[in-house]
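> Just to be clear, the model below is a prediction. Sequence and coordinates:
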Amino acid sequence: MTQFARAPVTAVLGPTNTGKTHLAVERLCAHSSGIMGFPLRLLAREVYDRVVRIKGDKQVGLITGEEKILPPDARWLLCTAESMPVERDAAFVALDEAQLGTDDERGHVFTDRLLRARGREETMILGSESLTPMVRHLIPDAEIISRPRFSQLSYAGPKKLSRLPPRTAIVAFSAEHVYAVAEMLRRTRGGAAVVMGALSPATRNAQVAMYQAGEVDYLVATDAIGMGLNMDVGHVAFASLTKFDGKKQRRLSLPEMAQIAGRAGRHQRDGTFGILAGGPDSAEFSEQDIERIEEHRFTPIDHLLWRNPDLDFGSIDDLIGSLEVRPEDPVLRAAPEAIDLAVLKLLANDRTIRDRTHRPALIARLWSACGLPDFRKVGAEHHGRLVGQLFGFLSEGNGTIPADWFAREIARLDSVAGDVETMAARIAAVRTWAYVAHRADWLADPAHWAGETRTLELKLSDALHQKLTERFVDRRTSVLMKTIGDDPALLDVEVDASGSVRVEGEAIGTLSGFSFTPDASARGQDHKRLLAAAELRLPKELARRAARLSEAPDASLSLATTPGAPITLEWEGIPLGRLKPGKGLLTPRFDPEAAIARLDAPLRQQVEGRVTRWLAGQIGQRLAPLLRAARLASDATTPAGVRGILAQLVEQGGILVRADVDDVLASLDRTERHILVRLGLTIGTLDIFWPALLKPEATRLRLALMAVRTQSPMPPLPLPGLGLLDKPAPELGRAATAAGFRRFGAQMLRIDLVEKIARAAHDARGKDRTAQIDPALAVSLGVGDATFAQIMRALGFLPGSAAQPHQWRWRGRPRRATAAPTPVNAAFAALADWRR
């Protein structure tokens with residue numbers, strides 16, 4: 001499939017249910033030969049079966065990582081995108097779902113095929129309409145055909161599982177969630193078919209046939225359903241709007257939502273989509289999401305991910321360097337490090353492997369081994385050990401994997417015992433060995449081992465299908481009424497969105513955050529065994545929660561500051577622990593809940609680390625002036641007087657009565673005062689403060705930290721934005737003083753507003769030391785006449801005559817009532833305490 005300059009390229013773009021794939025298959029069959037690449041093995045298999053019915057099995061081939069059916073005379077090949085034979089000459093070439101060029105893990109493969117895979121006579125690119133700008137830029141001569149959707153797609157709102165209409169597909173994003181939904185459907189609606197990547201194509205076809213024949217009215221699937229698997233679906237219900245993408249739990253992107261929702265409706269029949277009420281994340285579609293999905297309007301793709309296909313096998317370092325070459329085209333971006341490159345970098349640190357890769361051919365063989373997919377989802381480090389072991393075989397002796405070793409690895413998996421999760425793990429391992437068996441020169445007899453792995457995969461997948469079916473049949477009868485032994489590990493534990501914990505369907509308690517509370521109503525002779533099963537299995541759920549917390553957005557964490565209650569940290573409303581006094585006001589200590597404290601050390605540290613980072617971030621964001629002051633106060637190069645004032649400011653939460661440090665202020669020279677001014681401090685007539693720390697959230701955090709320091713409950717807070725308190729209760733009055741209010745008789749005014757009055761008075765003051773104050777100022781602040789008079793006196797002004805009630809005479813800046821020598825001593829004592 002090298003470049004053919006004159007061969008036309010057609011891009012057929014549009015939403016789902018537009019017949020794009022059907023059109024491409026028609027064009028494929030109309031040519032003398034052809035190759036078509038798909039995003040999924042299941043989809044490649046589905047189209048392969050369709051083309052076989054048209055052309056016969058002698059003329060059609062299937063090539064995926066784990067499966068290869070390649071007759072000698074095959075002229076039409078259906079492949080996964082990674083397995084497309086790019087150097088093979090074919091009259092027609094097509095690439096399906098080309099918009100996947102934006103996918104972090106596989107995007108560079110789709111971009112490479114879009115750029116390089118060409119048919120001798122015709123090339124066709126299928127994908128979302130959002131791909132249009134990329135096609136215009138990268139393939140200027142391509143003809144772009146927009147295909148409208150055959151039917152209408154509309155939002156039907158949230159629906160409970162019991163109210164889903166027949167011919168509904170429920171889409172979940174983990175095997176555990178698929179199983180849970182399928183079991184609930186079995187109890188309430190008579191059963192469901194299941195479609196997952198863990199099933200073999202034959203088992204998947206049997207499940208779909210059961211659904212298509214109407215034996216069951218519901219289908220539960222992973223998001224693989226969004227990639228063109230054709231079924232008679234009228235409604236798509238999202239069990240969740242978040243998924244784990246291999247790195248983190250995240251919300252589905254709008255194109256992902258549309259791709260899945262678009263499975264609803266077939267040909268001219270309209271379809272609907274919605275959310276499954278009571279799902280695990282209680283998420284909903286936004287109005288904008290709904291409108292854009294219904295109207296098929298999405299943000300155009302502005303880049304594709306790319307990785308250099310011209311590799312340098314001169315050395316391992318040269319290979320890594322060539323893989324990390326940056327693209328020159330502005331719409332192409334370097335792809336994130338995929339697992340094959342991550343494994344290569346790990347193995348590059350192995351001296352034995354470096355010693356073996358002394359020739360380009362061996363380096364190319366190492367890179368081929370790194371291409372082994374991580375079907376087991378164990379991560380680069382663990383997967384890399386297997387790749388290294390395989391390369392050891394491939395680089396010594398006759399360069400093949402020993403047959404007896406390979407046979408033992410397969411034999412270890414040849415068992416249908418165990419639960420659903422065990423079977424799924426075995427199938428993932430078998431897919432690894434199937435991939436190995438389909439490499440032409442990795443085994444002495446690859447055809448034999450390809451047959452063996454395929455037979456075993458079918459056996460295990462069929463067993464998995466049988467186990468799923470058994471789980472859908474009156475589970476209480478089939479489990480609790482049968483002898484299953486005393487091992488609680490054989491029992492399955494479910495935790496629903498509300499935290500209810502069920503063992504084999506029986507409620508045994510509630511998991512709130514990380515704390516499990518047994519349900520006193522769970523009775524019976526099996527109670528102890530069920531509790532033991534929960535204790536055994538809950539660590540997996542706790543680990544999942546700890547991982548989710550470590551990736552949780554900052555918005556999901558909060559500081560609970562209910563007046564009269566201890567200050568606690570919460571995650572999605574669930575208490576995680578309290579704050580305790582630390583070394584200073586700005587460094588409180590997190591004291592986790594008992595349930596978190598009982599977690600294994602790595603999980604506990606994961607939770608505590610996330611909470612501590614969040615708290616430090618909040619303090620850094622809300623109380624940045626105090627942090628800067630704390631650093632300067634502990635800096636020996638800061639002048640002593642400045643350090644004394646800053647130390648007091650930090651310890652008192654950012655507010656000082658000026659009279660308490662007047663003598664220290666008077667002792668500062670111009671340069672030293674300028675240090676305070678540069679920090680943003682307001683050195684007011686009555687108080688010294690940072691205006692930013694008077695904002696509602698900063699105030700709430702300051703008072704919370706001050707309460708933590710004294711191990712007191714949270715005090716009441718003035719209402720956000722309120723500048724005046726009229727006759728506050730004693731407790732609120734005390735808290736308001738710390739929040740930044742100053743008392744004048746029966747009223748309290750926020751200190752920045754007091755300073756506003758002071759500035760207005762001094763601005764109005766004439767040479768005769770009198771100031772005519774506009775009464776509208778007091779009215780605008782809600783201050784009464786008696787309070788205003790007290791404020792003016794405190795600011796150093798005396799009232800004028802009765803004939804001029806709004807005239808005030810300045811008598812000089814107010815000082816402390818007594819000339820006690822304590823202010824200077826207090827400032828330096830605070831500095832000494834700070835340094836200790």
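It's in.

> List the contacts of the residue nearest to Ala450 when sequence neighbours are not counted.
Distances taken as CB to CB, 6 or more residues apart in numbering put Ala437 closest to Ala450, at 4.2 Å, once the chain neighbours are dropped. (Each C-beta comes from the backbone N, C-alpha and C, glycine too.) Contact partners of Ala437, counting by CB atoms under 8 Å, 6 or more residues apart in numbering, are Leu443, Pro446, Trp449, Ala450, Glu452, Thr453.

> Ranking by neighbours, what's the top pick from the residues you listed?
Highest neighbour count within the contacts of Ala437: Thr453, with 24 neighbours (other CB atoms under 10 Å).

> and the strand or helix carrying that residue, how far from the chain's centre?
Taking DSSP states H and E as the definition, Thr453 sits inside helix 446-471. Remark: helix 446-471 is offset 34 Å from the chain centroid, using CA atoms, centre = their mean, to the nearest Å.

> Mind giving me the packing neighbours of that helix?
Packed against helix 446-471 by the contact rule (3 or more CB pairs under 8 Å, 6 or more residues apart in numbering; DSSP states H and E) you find helix 175-189, helix 201-212, helix 403-413, helix 420-437.

> try 6 Å
Applying 3 or more CB pairs under 6 Å, 6 or more residues apart in numbering; DSSP states H and E, we find helix 446-471 packed against helix 201-212, helix 420-437.

> So what's the residue count around Leu394?
By other CB under 10 Å, neighbour count at Leu394 equals 21.

> ugh, wrong one, I meant Ser550
Counted by other CB under 10 Å, the residues lying close to Ser550 total 15.

> ok so it is a helix residue?
Yes - judged by DSSP: H, G, I helix; E, B strand; the rest coil, Ser550 forms part of a helix.

> so it touches Gln606, yeah?
Yes - using CB atoms under 6 Å, Ser550 is in contact with Gln606, at 5.2 Å.

> give me the low-pLDDT residue ranges for the stretch 451-600 of the chain?
468-493, 503-507, 519-537 (pLDDT under 70).

> if we go to 90?
Within the stretch 451-600 of the chain, the stretches with pLDDT under 90 are 457-458, 460-552, 572-574, 593-600.

> Do a quick rundown of the helices in it.
Applying DSSP state H, counting those that start in this stretch to the stretch 451-600 of the chain gives helices spanning 475, 527-551, 594-597.

> try the stretch 101-250 of the chain
Ranges of helices in the stretch 101-250 of the chain, per DSSP H, counting those that start in this stretch, are 107-116, 132-138, 175-189, 201-212.

> Would you mind finding the most buried of the ones you listed?
Mean neighbour count (mean count of other CB atoms under 10 Å) peaks for helix 107-116 among the helices of the stretch 101-250 of the chain, with a mean of 23.

> Which elements pack onto that one?
strand 304-306.

> can you pull the buried residues of the helix or strand just after the strand it packs on?
Counting by DSSP H and E, the next helix or strand C-terminal to strand 304-306 is helix 316-323. Under the neighbour-count criterion of 16 or more other CB atoms under 10 Å, helix 316-323 has Ile316, Leu319, Ile320, Ser322, Leu323 buried.
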